[in-house]
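Sequence plus the predicted model coming up.
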Amino acid sequence: MMMRKVLTLGALCAAAMTANAQIVTNLQQGSKLYWKFNSGQYDITGGISQSGSISASDPIELTLQDLNNDGRAIDIQLRLQDLFPTLGINRELNLIGTVVSETPGEAIIRWEAEDQPNLCIEQINVGGVEINAYITLLAGRLQARVTPIPCQNNPYNPNWQKVTLRFEENGGDSYNSLIVQGYVFCLKNPFTFTTAQISSMDWEAYAGGFTGVFGNVNGDSVVDDADLLEVLFNFGSEGGRADANGDGVVDDADLLIVLFNFGASCGG
Ligand SMILES: [Ca+2]
Ligand SMILES: [Ca+2]
Ligand SMILES: [Ca+2]
């Protein structure tokens, strides 16, 4: 009897801890990232040279996927034309996400991508002038500090899903840049080799949502007996939406998450 009590208390403490340290789980369950580029600077050196500022873009909705099959669906396929519609490079960058650190209060997430198209791309817009360039390298890095926020309407678009996580760029130019290298005019010689770099990036994003991590396993607007029943009916099964904490099994930890959050709803 005593042993059972100790075990139950241990399970409770473990569940309480995981209920807090779930930024990355919440991010995956939300499965979307709402990303907004605010400002940046571009510098082109080599075959041509130019620099200037980049103005804000409209917010974009990105789907989080597991592109490198490491079990974490926090990777992003970024279409350059969505981010910089006037640039003229129609190319996708696979940004692979890694969790640098995670505590209950904040997580640092880093994305990195590298692509070697080795293609002559026509009609690239450089400061209003269209040129051709043989692109040898497209590389991108983004890093964010992620903090939980109260569940609220999506600030970018009320028709997009509700959000519970806020992202701010973190780590400066070392971890936030986009580099494009290649030969202008598609002439491969040392005089045409050119590097374009986007730096001083200011961006922000939102993600998450009122999903399983808060015990709202059926995805409606409240944690109630319907969620409790769904966990109970699926008790012992693998994963699925009744797996509130996303650890691959429906067990008492999920039940406790539902109970701790019973009655909660997403405001805004
Ligand atoms: Ca992954
Ligand atoms: Ca519910
Ligand atoms: Ca679980």
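The structure has been received and is ready for your questions. Ligands and ions are numbered 1, 2, ... in the order given.

contacts, neighbours, all on C-alpha from now
Will do.

Surely Asn245 and Gly212 touch.
Yes. With contact defined as Cα atoms under 8 Å, Asn245 reaches Gly212; the gap is 6.7 Å.

name the helices or strands packed onto the lengthiest strand in the chain?
In terms of residue count, the longest strand belonging to the chain (DSSP state E) is strand 129-152. For strand 129-152, the helices and strands in contact under the criterion 3 or more Cα pairs under 8 Å, 6 or more residues apart in numbering; DSSP states H and E are helix 23-30, strand 92-102, strand 107-115, strand 119-126, strand 163-169, strand 177-184.

could you dump these to TSV with distance to ligand 2, mean neighbour count and mean pLDDT?
Written out in TSV, the entries for the helices and strands packed on strand 129-152 read as follows (distance: least, Cα to the ion, whole Å; neighbours: other Cα atoms under 10 Å; pLDDT from 0 to 100):
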stretch	distance to ligand 2	mean neighbour count	mean pLDDT
helix 23-30	14	24	91
strand 92-102	27	18	96
strand 107-115	26	20	97
strand 119-126	49	16	89
strand 163-169	16	22	96
strand 177-184	40	22	95
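
what comes up buried for stretch 77-95?
Of the residues in stretch 77-95, those scored as buried under the neighbour-count criterion (16 or more other Cα atoms under 10 Å) are 77-80, 82-84, 87-89, 92-95.

cool, stretch 209-220 as well?
Neighbour-count burial for stretch 209-220, with 16+ other Cα under 10 Å as criterion, is recorded at Gly209, Phe210, Thr211, Gly212, Val213, Phe214, Gly215, Asn216, Val217, Asn218.

Then stretch 64-78?
Counting neighbours by 16+ other Cα under 10 Å, the buried set in stretch 64-78 is Leu64, Gln65, Asp66, Leu67, Arg72, Ala73, Ile74, Asp75, Ile76, Gln77, Leu78.

Next, format these as a markdown table and append secondary structure.
Shown next, in a markdown table, are these (DSSP: H, G, I helix; E, B strand; the rest coil):
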| residue | secondary structure |
| --- | --- |
| Leu64 | strand |
| Gln65 | strand |
| Asp66 | coil |
| Leu67 | coil |
| Arg72 | coil |
| Ala73 | coil |
| Ile74 | coil |
| Asp75 | strand |
| Ile76 | strand |
| Gln77 | strand |
| Leu78 | strand |
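
Which pair in the buried residues of stretch 209-220 has the greatest spatial separation?
Gly209 and Asn218 (12.7 Å; Cα to Cα).

shared neighbours, those two?
Shared between the contact lists of Gly209 and Asn218 (criterion: Cα atoms under 8 Å, 6 or more residues apart in numbering) there are no residues.

Might one say that Gly46 is in contact with Gln197?
No. Under the contact definition of Cα under 8 Å, Gly46 does not touch Gln197, with a separation of 11.6 Å.

Farthest pair within the buried residues of stretch 64-78?
Between any two of those, the greatest separation by Cα to Cα is 17.1 Å, found for Arg72 and Leu78.
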